[in-house]
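J.: My questions concern the predicted model and sequence given below.
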Amino acid sequence: MKINNKKYSLKTNSKKLLADTLTPVSVYLRLRDKFPNSLLLESSDYHANNNSFSYICFNPIASIKVQDEIITQTFPDGKSSVIEIESDTNVPNLLSEFAASFSSEPVSPSPPQGTKGDQGGINGLFGYMAYDAVRYFEDIEISKKEKNLEMPDLYYAVYQNIIAINHFNNEAYIFAHCYDAENNIPQIEQILKSKSFAEFPFKRDGERTTNLNDKDFKDLVRKCKEHCQRGDVFQIVPSKRFSQKFKGDEFNVYRALRSVNPSPYLFYFDYGNFKIFGSSPEAQLVVKGELAEIHPIAGTFKRTGNDEEDAELAKKLAEDVKENSEHVMLVDLARNDLSRNGTNVTVETYKEIQFFSHVIHLVSKVTAIKNPKISTMQIVADTFPAGTLSGAPKHKALQLLEKYENRSREFYGGAIGFMDFNGNFNHAIIIRSFVSKNHTLHYQAGAGVVSESNEENELQEVYNKLGALTKALELAESI
């Protein structure tokens, strides 16, 4: 086992630009061919100043990857380390140590406060952890099942370059976080001045397939109901995956999705041989200083598209016994998860009605003051995966899902986003999302099952949640 204990101080260069003609999508399209493996993070919630930033990250200079029970780290000076995961390997600690090995200078000029880490120009780790990574955090076995996508369980990178676009005041900041490298901001400015960028069409190839036909999914719901009725779990979230072959550029699907399903978390992460992109409505965990937050979303009705009818549906959702019981259990689970490493656990908002493009959800906000002696990554580990994607009690729900689902979940129900070098953390749950690999798009949704569930209704909930993704696939062919 090789461990690199060196500390890396990154020198930060920055420049502010007027961004009235720059959009996150146009910037990403200008940069992606010149800087492979670039990331795009956006928020559609521009009306709030703390959600007014979008980010384009490119030029990775360090990374940490967990795959096939091996942790691989690379560093800006070319050094690397390889660690085989043993039964006593503390993966959250190693992630924290990797993040702590970097520091960056205060930014000048300093941009306003932003959503993906409290400051528009802050640097840190951008990446994801798959649902299957739970086996490194909890005493739970997660096997590799058939037709596995062969993605890393966890991948984070530090990027030399970040462009932060402030939609609130039409400003952009170019950052170059350099370690023994030249400031490349002038080169980036020239690329941004270009008025042209390559675009390619997208087309679906054949019919979509699924891992579970509708009858089999309803049978799975029935099994889950039996466990609820026996008291093994109060709630559990079985899921169904779809796959769609395609030709051309899947970035068009992201463009369509961000249009038809604007969400607090919009993301497009390109890792070369696979891509993760989506429009998630739900935070996995947010840590700002000493405050940790979980925003449970549970309770779903399909929208009609008619405002008056949707308002009536919202009232019915607020009064629906089954949907409310599901929500209450998951708020309690969030409170329990946060209490493991926090105090002053508070339900700040409770069962708030929120409208999304194709569905209406019940949403709450649970907060806690985190124990200063506990690392952010340990809090992440102790709250992962989200109860809204697994069930309650969580450990038993995870065991049952492992037993009954015929595919490894991999990306679905994982978390994606940003953690800075100081432990601030903001990740979305990987839902309403696609993984692209080998010219095939994979996407998945689940339904919260309780003892009173109706099998047909739970099946329809899956299709309702995937409504925006299905529409995006259709729209992408006309871009």
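T.: Happy to help now that I have it.
J.: Nearest the geometric middle of the protein, what residue?
T.: I416 (3.0 Å; Cα atoms, centre = their mean).
J.: Regarding the closest residue to that residue other than its chain neighbours, which helix or strand does it belong to?
T.: Nearest residue to I416, sequence neighbours excluded (Cβ to Cβ, 6 or more residues apart in numbering): Y128, at 4.0 Å. Where you see a C-beta, it was placed from the backbone N, CA and C, and this is true even at glycine. Using DSSP states H and E, the element containing Y128 is strand 124-129.
J.: in that strand, what counts as buried?
T.: 124-129 (16 or more other Cβ atoms under 10 Å).
J.: repeat for stretch 246-254
T.: 246, 248-254.
J.: hmm, back to that, tell me the helices and strands packed up against the strand holding Y128.
T.: helix 91-100, strand 154-166, strand 265-270, strand 415-420 (3 or more Cβ pairs under 8 Å, 6 or more residues apart in numbering; DSSP states H and E).
J.: run the last query once more with 6 Å
T.: Packing contacts for strand 124-129, counted by 3 or more Cβ pairs under 6 Å, 6 or more residues apart in numbering; DSSP states H and E, involve strand 154-166, strand 415-420.
J.: Give me the next element, helix or strand, following the last one.
T.: Using DSSP H and E, the helix or strand that directly follows strand 415-420 along the chain is strand 425-429.
J.: and that following strand, what does it pack onto?
T.: Other helices and strands packing on strand 425-429, by 3+ Cβ pairs under 6 Å, 6+ apart, are strand 283-288, strand 415-420.
J.: Quickly run through the sheet partners of the last one, with directions.
T.: What that stands for is strand 415-420. Strand 415-420 sits in its sheet next to strand 124-129 (antiparallel), strand 425-429 (antiparallel), going by DSSP bridges.
J.: any chance of these in JSON lines, plus distance to R222 and mean pLDDT?
T.: JSON lines is the format used below for the strands paired with strand 415-420 (distance: least, Cβ to Cβ, whole Å; pLDDT from 0 to 100):
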{"stretch": "strand 124-129", "distance to R222": "31", "mean pLDDT": "96"}
{"stretch": "strand 425-429", "distance to R222": "26", "mean pLDDT": "94"}
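J.: Save those strands as JSON lines, and put in distance to E477 too.
T.: As requested, the strands paired with strand 415-420 are exported to JSON lines (distance: least, Cβ to Cβ, whole Å):
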{"stretch": "strand 124-129", "distance to E477": "27"}
{"stretch": "strand 425-429", "distance to E477": "26"}
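J.: mind checking which of those strands is nearest F35?
T.: strand 124-129 (13.8 Å; Cβ to Cβ).
J.: relative to strand 283-288, how tilted is that closest one?
T.: 160 degrees (axes from the mean of the first three to the mean of the last three Cα atoms, to 10 degrees).
J.: Could you figure out how far strand 124-129 is turned away from strand 154-166?
T.: Using the same axes, to 10 degrees: strand 124-129 against strand 154-166 is 130 degrees.
J.: got the contact list for strand 124-129?
T.: Outside strand 124-129, the residues within contact range by Cβ atoms under 6 Å, 6 or more residues apart in numbering are 39, 57, 99, 117, 154-157, 414-416, 418-421.
J.: For L40, see how far away the residue nearest to the centre of the chain is.
T.: With distances taken as Cβ to Cβ, to the nearest Å, I416 is found 12 Å from L40.
J.: looking at this structure, which residue lies furthest from center?
T.: Residue farthest from the centre of the chain, counting by Cα atoms, centre = their mean, is R230 at 33.2 Å.
J.: Tell me the one of the buried residues of stretch 246-254 nearest K193?
T.: F251 (21.7 Å).
J.: tell me the phi and psi of that closest one?
T.: Per-residue torsions, F251: phi -60, psi -30 (degrees, to the nearest 10).
J.: Let's see the pLDDT reported for H47.
T.: Looking at H47, its pLDDT reads 43.
J.: from now on call the first residue 49
T.: Right, with 49 as the first residue, what we last looked at is H95.
J.: For N454, identify the helix or strand it belongs to.
T.: Assigned by DSSP H and E, N454 falls outside every helix and strand.
J.: Neighbouring strands of the host helix or strand of S484 in the sheet, and parallel or not?
T.: According to DSSP H and E, S484 maps onto strand 481-485. Counting by DSSP bridges, the strands paired with strand 481-485 are strand 323-328 (antiparallel), strand 488-494 (antiparallel).
J.: and the angle from the worst-scoring helix or strand of the chain on mean pLDDT to strand 473-477?
T.: Lowest on mean pLDDT, DSSP states H and E among the helices and strands of the chain sits strand 345-350, with a mean of 84. Inter-element angle recorded for strand 345-350 and strand 473-477: 40 degrees (by the same axes, to 10 degrees).
J.: Any buried residues in strand 345-350, and which?
T.: 345-350.
J.: Also stretch 141-150?
T.: 142-147, 149-150.
J.: Likewise for stretch 124-131?
T.: Buried residues in stretch 124-131 (16+ other Cβ under 10 Å): 124, 129, 131.
J.: Please compute how far it lies from its chain's middle.
T.: Taking the mean of its C-alpha atoms, stretch 124-131 sits 26 Å from the chain's own mean (Cα atoms, centre = their mean, to the nearest Å).
J.: go on, stretch 388-396?
T.: 23 Å.
J.: average pLDDT across that stretch?
T.: 93.
J.: same deal with stretch 134-150?
T.: The average pLDDT for stretch 134-150 rounds to 94.
J.: Next: stretch 112-130.
T.: Mean predicted confidence for stretch 112-130 is 95.
J.: L268 against S287, yeah?
T.: No: L268 is beyond contact range of S287, at 9.2 Å (criterion: Cβ atoms under 6 Å).
J.: May I have stretch 503-512 as CSV, with CA atoms only?
T.: Taking C-alpha atoms only, stretch 503-512 is exported to CSV below (Å, rounded to 0.1, in the frame of the first residue of the first chain):
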residue,chain,number,x,y,z
GLU,A,503,-49.3,-2.2,-7.1
GLU,A,504,-50.6,-0.4,-10.2
ASN,A,505,-50.3,3.0,-8.6
GLU,A,506,-46.7,2.3,-7.7
LEU,A,507,-45.9,1.3,-11.2
GLN,A,508,-47.5,4.5,-12.5
GLU,A,509,-45.4,6.5,-10.0
VAL,A,510,-42.3,5.1,-11.7
TYR,A,511,-43.5,6.2,-15.2
ASN,A,512,-44.6,9.6,-13.8
